[in-house]
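**Q** Sequence first, predicted model second:
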Amino acid sequence: MKKKLTKSDDKVFAGVFGGVAEYFGWDKSWTRIVGALLIVFPGNVFLGLLVYIIAAVVMPEKGDTNHRDDDDDIIEGEFRE
């Protein structure tokens, strides 16, 4: 079974950093601290927040049945020449 990047059930805000930590097997607290520092300190807080918000919108919830596996996207014989 493939690992999928999903939001964490153990959320602080949207579950983005918790989901990243679960995916890579990292400690959630340290991932959240480093992620917050990367949003605040590079100089452009708005860009960091924008990237976080986009990730929060795009990442599926854990157990979300609306997203499909890669194999489900293939429809055999659809594009024939």
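**A** Received, thanks. Residues are numbered from 1 along each chain as shown.

**Q** Mind checking which residue lies nearest the centre of this protein?
**A** Nearest to the mean C-alpha position of the chain, by Cα atoms, centre = their mean, lies residue 59 at 4.2 Å.

**Q** how near is that one to residue 40?
**A** 21 Å (Cβ to Cβ, to the nearest Å). Heads up, the C-betas are built off the backbone N, CA and C, glycines and all.

**Q** What is the helix or strand that contains residue 57 packed up against?
**A** For residue 57, the host element (DSSP states H and E) is helix 45-58. In terms of contacts (3 or more Cβ pairs under 8 Å, 6 or more residues apart in numbering; DSSP states H and E), helix 45-58 is packed against helix 16-24, helix 28-40.

**Q** Just the buried positions in stretch 33-42, please.
**A** Across stretch 33-42, burial judged by 16 or more other Cβ atoms under 10 Å covers 35, 39.

**Q** quick one: contacts of it?
**A** Residues outside stretch 33-42 that contact it (Cβ atoms under 8 Å, 6 or more residues apart in numbering) are 16-17, 20, 45, 48-49, 51-52.

**Q** pull the CA atoms of that stretch into CSV?
**A** Taking Å, rounded to 0.1, in the frame of the first residue of the first chain, the C-alpha atoms of stretch 33-42 are listed here in CSV:
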residue,chain,number,x,y,z
ILE,A,33,8.1,24.5,15.3
VAL,A,34,10.4,24.3,12.2
GLY,A,35,7.4,24.9,9.9
ALA,A,36,6.3,28.0,12.0
LEU,A,37,9.8,29.4,11.9
LEU,A,38,10.0,28.9,8.1
ILE,A,39,6.7,30.8,7.7
VAL,A,40,7.7,33.7,10.0
PHE,A,41,11.5,34.3,9.5
PRO,A,42,12.3,34.1,5.7
